[in-house]
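>>> only geometry, no sequence info:
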């Protein structure tokens, strides 16, 4: 095979039980299991890869810009390519062209969807027949939470116990069809770039937070309890775990030294608005969750969307909202969707 | 003795190792030991008490306003009077007149200084010869942290182990003269009344925070380490414990369900400014600490005051600053300073 090429799309996931802290930096093994929902195509990354003897260097383009492969974050993500090449026994250079169709303001990291799409496309381009488990283990080594974007629906990333990471991968606990009404209303609060990157931030937390070990135990229990709530269709319990998990993760961030504080005054107002909504309804209509930034993700069911929007409309400082549904995971795209110009062996212009 | 009267003054204290969470609600016994500095007269409470057979009811005035003795917070503070009366074998009613000379904006609770002054004045009015330890145990039952305001200088409140609270009281670990340059620059960020009161807030934390027990252990260790740092004149270690303690307490507040969030965007800027100042100086010039509100207390030494003010001047949203030194604890005032009109048995007008 002279050429091996493929194009895939994947979406980010929003964590309900949070991942914050690695027990192995190199293999990206977490201190605790985590749970997320993979989003639908409202936000996605399309990635085309081409392995070819005609290429004389690895090259990586994101949104039209060539990436520096010696940059730490990029190099880490690119580990996926190396692992795939070894598996396929290939020595070919690769051209990777990726495009994020993210609303700029979403604040959602494209590393999860990008790494999942990269792993998926590489495995097809190299003709590897990998299971979701194998794909997930490989994606994990490029970007931890990307291993959850390898599957659609609601997904748990088991922390595992093995030193080689062979039991730390994502498993689906509910298909999209079991929770078709689950949505994520993203309330955009700020478009500032985050000051502390997740990677160095979580390392600082592990090293300096006196509360981190208690948090890891709490999250492990929450992962189990969340899976039970998903199975028994108990949105009330799901919502309370989601909110407690967000608070608990931001608590250990604040307990980091120096402290990492992502929530701002608008985030606080949103938290109060959602608790107010749930209290006045006598049951959980929605849950807030925050990643490494001040933007809120309001997890709710389609039927509650209007009530949630009403509650949010009373909060000053929300710039816009973006709504995403539950997604079905990565998929291959046809050759006509490829981002690569096969004549020039360069990104399509 | 027909009449027994006395007037005393006491000041609030600012906690370096924080008290948040009671193991006994009735006796006010904490989960962990705490450490504070008692402030000087820049902020104080003056309290006059009169026990007399001529009074036909207990009455309590603060800043000219009569208090409702059936109100929870007031009743709790007033427990001090009952305990003192039992100790003295008195059945007389009491008139308590108290005045806080607090800058309105300080956001500092007057309950610590008020309860310490009340305990001190009662013991003198009733002719009780109580040790600082005994006074501290009594004040503690009216308002936990007031037991630390019974002494000047730097003070530790030992959590104790006994169920009756007999070993949970304040002890001085450094006299004012040993740290004469220690100051608290209070940066006023907001004059809003706090939404969650400390008493109910800490109860919610104990009940719902998954991290609270780990915090209590951390604070216990910090109390010991802080005492060592005070003795070895190690301001660098003191400063880092002060900042970590503030962050750790606010972390378990955030981990409370629903979360308690006192820090706001200006508090965050102050935190960043102090870390920036210390980093650029290569050593700790100052430490921030926050109680149950967004106002910052910047703990520093007189020689660093200008550098701290410079750093704070770059933070938007600080309304004013109030500086307090280290104090020497409660003291009796003379009869001419009494707030009680002995003819009318009423507050002086």
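Looks like it arrived, so ask away. All values derive from a computational prediction rather than experimental measurement. Numbering: from 1, shown residues only, chains lettered A, B, ... in the order given.
>>> got the contact list for the one helix or strand in chain A whose mean pLDDT sits lowest?
Scoring the helices and strands of chain A by mean pLDDT, DSSP states H and E places helix A:198-208 at the bottom, with a mean of 93. Helix A:198-208 is contacted from outside by A:20-22, A:25, A:31, A:72-73, A:76, A:109, A:196, A:212, A:252-253, A:255-257, A:260, A:292, using Cβ atoms under 8 Å, 6 or more residues apart in numbering or on different chains. Placement of C-beta: from N, CA and C, glycine included.
>>> the same query, at a cut-off of 7 Å, please.
Helix A:198-208 is contacted from outside by A:20, A:21, A:22, A:212, A:252, A:253, A:256, A:257, A:260, A:292, using Cβ atoms under 7 Å, 6 or more residues apart in numbering or on different chains.
>>> relative to residue A:156, how far out is the last one?
In this case it means residue A:292. 21 Å (Cβ to Cβ, to the nearest Å).
>>> residue A:248 reaches residue B:256, doesn't it?
No: counting by Cβ atoms under 7 Å, no contact exists between residue A:248 and residue B:256, whose distance comes to 10.3 Å.
>>> tell me the buried residues in the very next helix or strand once past the least confident helix or strand of chain A?
Using DSSP states H and E, the helix or strand that follows helix A:198-208 in sequence is helix A:212-231. For helix A:212-231, a neighbour-count test (16 or more other Cβ atoms under 10 Å in any protein chain shown) marks A:212, A:214-216, A:218-220, A:222-223, A:225-227, A:229-230 as buried.
>>> beyond helix A:212-231, next helix or strand please.
Taking DSSP H and E, what comes next after helix A:212-231 is helix A:235-254.
>>> that next one vs helix A:198-208, what angle?
80 degrees (axes from the mean of the first three to the mean of the last three Cα atoms, to 10 degrees).
>>> which other helices and strands contact helix A:235-254?
Secondary-structure packing of helix A:235-254 (3 or more Cβ pairs under 7 Å, 6 or more residues apart in numbering or on different chains; DSSP states H and E): strand A:13-17, helix A:212-231, strand A:286-289, helix B:235-254.
>>> do you know which of these lies nearest residue A:130?
In terms of Cβ to Cβ, the element of those nearest to residue A:130 is strand A:13-17, at 19.4 Å.
>>> ok, the closest one: who's next to it in the sheet?
Using DSSP bridges, strand A:13-17 pairs in its sheet with strand A:34-38 (antiparallel).
>>> quick one: mean pLDDT for the partner strand?
Average pLDDT, strand A:34-38: 98.
>>> sketch out the helices for chain A, chain order is fine.
A:72-88, A:111-125, A:132-142, A:198-208, A:212-231, A:235-254, A:265-281, A:305-313 (DSSP state H).
>>> for residue A:348, find the nearest of the ones you listed.
Nearest to residue A:348, of all the helices of chain A, is helix A:111-125, at 15.3 Å by Cβ to Cβ.
>>> what packs against the closest one?
strand A:3-10, strand A:45-52, helix A:72-88, strand A:93-100, helix A:132-142.
>>> ok, and what's touching the fourth one?
Which is strand A:93-100. In contact with strand A:93-100 (Cβ under 7 Å, 6+ apart) are residues A:45-52, A:55-63, A:81, A:110, A:114, A:117-118, A:339-340, A:345, A:347.
>>> around chain B, pick out the residues from the stretch 201-349 of chain A.
Residues of the stretch 201-349 of chain A lying near chain B by Cβ under 7 Å from any Cβ of the partner chain: A:210-211, A:214-215, A:218, A:244, A:247-248, A:250-252, A:254-255, A:257-259, A:261, A:264-265, A:268, A:271, A:275.
>>> switch the cut-off to 6 Å
Residues of the stretch 201-349 of chain A lying near chain B by Cβ under 6 Å from any Cβ of the partner chain: A:210-211, A:214, A:218, A:244, A:247-248, A:250-251, A:254-255, A:257-259, A:261, A:264-265, A:268, A:275.
>>> so the closest residue to residue A:225 other than its chain neighbours versus residue B:19, what's the distance?
Spatial nearest neighbour of residue A:225, chain neighbours left out: residue A:241 (6.0 Å); criterion: Cβ to Cβ, 6 or more residues apart in numbering or on different chains. Residue A:241 is 30 Å from residue B:19, where distance means Cβ to Cβ.
>>> now do residue A:12
From residue A:12 to residue B:19 the distance is 42 Å (Cβ to Cβ).
>>> for residue A:132, same thing?
Residue A:132 is 51 Å from residue B:19, by Cβ to Cβ.
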